[in-house]
Structure formats: structure tokens, C-alpha cells
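Colleague: Take a look and give me a structure for this.
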Amino acid sequence: LVVEAQRGAHALFRSQGFGVDFVSEEEIQGGLAGYRVLVLPFAYALSRRTADAVREWVEDGGFALSGLFCGAKDEQGFGQVPVPGHGLDEVFGVIEDVVEPVFSPDDRPVSNFGEAWDTVITGRPRYRVLDALRPGGLLRPGAKLEGYRYSVALHPGGEAQVLAEDERGRPVAVVHPFGEGVALYFGSFPIPRDPFGDEALAALALDFALAAGAERPAVVERREGRVVEARFLEGPGDRHLLVVLSAEARTHEVTVTLPGRRLGRATEVETGREQPTRAGEDGDRLTVRLEAGDARAFMVEETTTRQT
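Modeller: Predicted coordinates for the structure are as follows:
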């Protein structure tokens, strides 16, 4: 489940065009300079020192997103009360209450987990979005948000804002300002059903990262669930590399925008042919035709300084 949560969170943000790094507790303790968002998809065991570093980082302006069970135990395996542990309940503005497994129709539900350690749980709790995370964002009231495996009701406090509730009207997603930063607690595991799907969980991740000021170096326009990625590798000076990849089983066109950049030229690396670009209000873009399972790389050259 730990690996599932890490892969799910990675896919959730990577598919939206953000660069994603994995960091250790030691790296968190050493400071997160240069990072705008920290994701704790399943930080079940967490040291007090790491929790204090997260607290300080958010207070100084960082944006943290956590799934359930955050800091439920310390590095020695001792349980923490309340959860989130180590004082992180003050950062996220919530306390976990009732935790419930969510079984799918294909699972075999049990009531005594002490006698069934290998119980398969694959259900997806469904939540109703109550409020937008940011003005003009993609996550809109009334949307259906999905979790994975477990669902926990939350007790919000202070200035916490409830973003979503479960079928019984209990808070399950809460955003909370803390110091100069913001913390979002999700009462399930943030693991998408489809890493490239246009589901509400992807909208939540996108809105949260954009609210934090995180930048997407390359944006696939109107992705509509297609398994397509665009990767921008910044080079020295004004010459950079753009790679567009597709895992689709059909030929299709993909439009990629490079936010804030004005291009003088784009050349395909393999063929040496020039690729047409066109200007947009938020940055120049190019439309690429991709065969099934195709990948194309372009050397792009900027003509002016980046827009801000």
C-alpha cells in the first residue's frame, strides 16, 4: 500500500505536467528550499523531527497535502494521539475520527481484521465536493471525488475549510491556512483510478499545486484522458529540449503549451525538420502528430526573456 500510495501521488501530479521528486525524511529535515508542494500520500510512520520540519516549512509558506494516517506512529512504531500525529493536527486543522474500510463488489468483506491480515480491499469511497479550492479552478462544487481503500471522517477546527464530504455529510477533505502556507488533508488515499484520467482528484491536485505557485514547464492541452506526456528539459541559454510521448493505440494530434515562453524556432531532433509554432496569451504552443506508442523530441529556441 505504501508503494501504491507513492506511485499514485506521483502519477497524480506528473500527469498534470509538474516535475515530481521523491524526498526522504532526512531531506525534509534538511529543508525543502525550492519546493512549493510537499505530498505525504501515506506517511503512516513519521519521526517527530520530520513532523517539526514539515510544520516549520508550511508556516514559512509551503503547501502540504496529506492522505489519511499521517504520523499515526513514530519511527519506533509507537502510536500517536491524535492523528495527524506529532502536532500536525494543528498544521492541517483536522483530527481523524472514524476510519472505515471500503470494499468493492469483488472483495470479500470481513469484520475482524485481527483474523484476516490478507484481506483484499479495493473499494473507492465517493465524496461530494462542496467548495472550490481556488477561484476559477477546475475542482467545482458538486463534482464527485474518489478515494481508495479507506475513508476517515474528519473533525475540522480553527480556520479550516471543508472541501468535500462523504455520503453521510461528514467532512473528508479539508484545507487549512497555517502561518504563511496552506495544508490540505484528504481522508483517504490520493490514488487515482486512472493516472491520466480527468477525474476530480486530478483537478484537486492541479488546483492545489497552482495555488502554491508551482509551475508546469509544459502543458498538454485538452488531454481528455489520453495517455500522453510532455517533458521539458531546460538547457543553458535559450535552447531547450521538449519531448512528447504517447501510449495511445492510435494516431492523434497533441497540442503542447510552454507557459511564459516565446519561441523563435522548434526543430525535430530526429529529422531536423522545423516544427511550426504559434503564439498564445500564456505562452507559445506547438501541435504534434503522434503515431501509436510514439515519442518525438524537439529542440526549441526562445527569442525573448520568459514572461512572468
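
Colleague: Quick check: Pro190 touching Gly67?
Modeller: Yes. Using C-beta atoms under 8 Å, Pro190 is in contact with Gly67, at 5.2 Å. Just so you know, the C-beta spots here come from the backbone N, C-alpha and C atoms, and that holds for glycine as well.

Colleague: and for the two, which residues touch both?
Modeller: Ala5, Ala9, Pro41 (C-beta atoms under 8 Å, 6 or more residues apart in numbering).

Colleague: what's the burial count for the first one?
Modeller: Taking other C-beta atoms under 10 Å as the criterion, the count of residues near Ala5 is 23.

Colleague: okay, now the nearest residue to Arg49 once chain neighbours are set aside: neighbour count?
Modeller: Distances taken as C-beta to C-beta, 6 or more residues apart in numbering place Gln29 nearest to Arg49, at 5.6 Å, with adjacent residues excluded. Neighbourhood size, Gln29 [other C-beta under 10 Å]: 16.

Colleague: Look up how far Asp52 lies from Gln29.
Modeller: For Gln29, the distance to Asp52 (C-beta to C-beta, to the nearest Å) stands at 8 Å.

Colleague: now Glu199
Modeller: 34 Å.

Colleague: ok, Val220 - contacts?
Modeller: Gly17, Arg226, Val228, Glu229, Ala230, Val254, Thr255, Val256.

Colleague: wait, which of the residues you listed is closest to Glu165?
Modeller: Gly17 (29.4 Å; C-beta to C-beta).

Colleague: Contacts only, for that closest one.
Modeller: Contacts of Gly17 by C-beta under 8 Å, 6+ apart are Arg216, Pro217, Ala218, Val219, Val220, Ala230.

Colleague: is it true that the first one touches Pro259?
Modeller: Right, Arg216. Yes. With contacts counted by C-beta under 8 Å, Arg216 reaches Pro259, the gap being 6.4 Å.

Colleague: Just the ones of the shared contacts of Pro190 and Gly67 in helices?
Modeller: Of those, the ones assigned to helices by DSSP state H are Ala5, Ala9.

Colleague: Can you tell me which of the shared contacts of Pro190 and Gly67 comes closest to Gly77?
Modeller: Of these, the one sitting nearest to Gly77 (C-beta to C-beta) turns out to be Ala5, at 18.8 Å.

Colleague: Do you know the pLDDT at Glu115?
Modeller: Here the pLDDT value assigned to Glu115 is 55.

Colleague: oh, I was asking about Glu199
Modeller: 83.

Colleague: show me what contacts it?
Modeller: By C-beta under 8 Å, 6+ apart, the neighbours of Glu199 are Glu146, Pro192, Arg193.

Colleague: I'd like these laid out as TSV, including pLDDT and secondary structure.
Modeller: Formatted as TSV, the contacts of Glu199 follow (pLDDT from 0 to 100; DSSP: H, G, I helix; E, B strand; the rest coil):
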residue	pLDDT	secondary structure
Glu146	94	strand
Pro192	87	coil
Arg193	85	coil
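
Colleague: Taking the residues you listed, please make a ChimeraX selection of just the buried ones.
Modeller: In ChimeraX syntax, the buried subset of the contacts of Glu199 is picked out as below (16 or more other C-beta atoms under 10 Å):
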select :146,192
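
Colleague: Where do the helices of the stretch 151-300 of the chain begin and end?
Modeller: 200-211 (DSSP state H, counting those that start in this stretch).

Colleague: Do a quick rundown of the strands in it.
Modeller: Counting by DSSP state E, counting those that start in this stretch, the stretch 151-300 of the chain has strands at residues 161-165, 171-178, 181-186, 219-220, 228-233, 239-246, 252-259, 263-268, 283-290, 295-302.

Colleague: Can I get those in TSV including distance to Glu90 and mean pLDDT?
Modeller: Compiled in TSV, these are given as follows (distance: least, C-beta to C-beta, whole Å; pLDDT from 0 to 100):
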stretch	distance to Glu90	mean pLDDT
strand 161-165	16	96
strand 171-178	7	97
strand 181-186	9	97
strand 219-220	35	90
strand 228-233	38	92
strand 239-246	42	94
strand 252-259	35	93
strand 263-268	47	93
strand 283-290	39	94
strand 295-302	44	95
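
Colleague: Need the distance between the two termini of stretch 235-248.
Modeller: 29 Å (C-alpha to C-alpha, to the nearest Å).

Colleague: Oh, that last question was meant for stretch 151-167, not what I typed.
Modeller: 11 Å.
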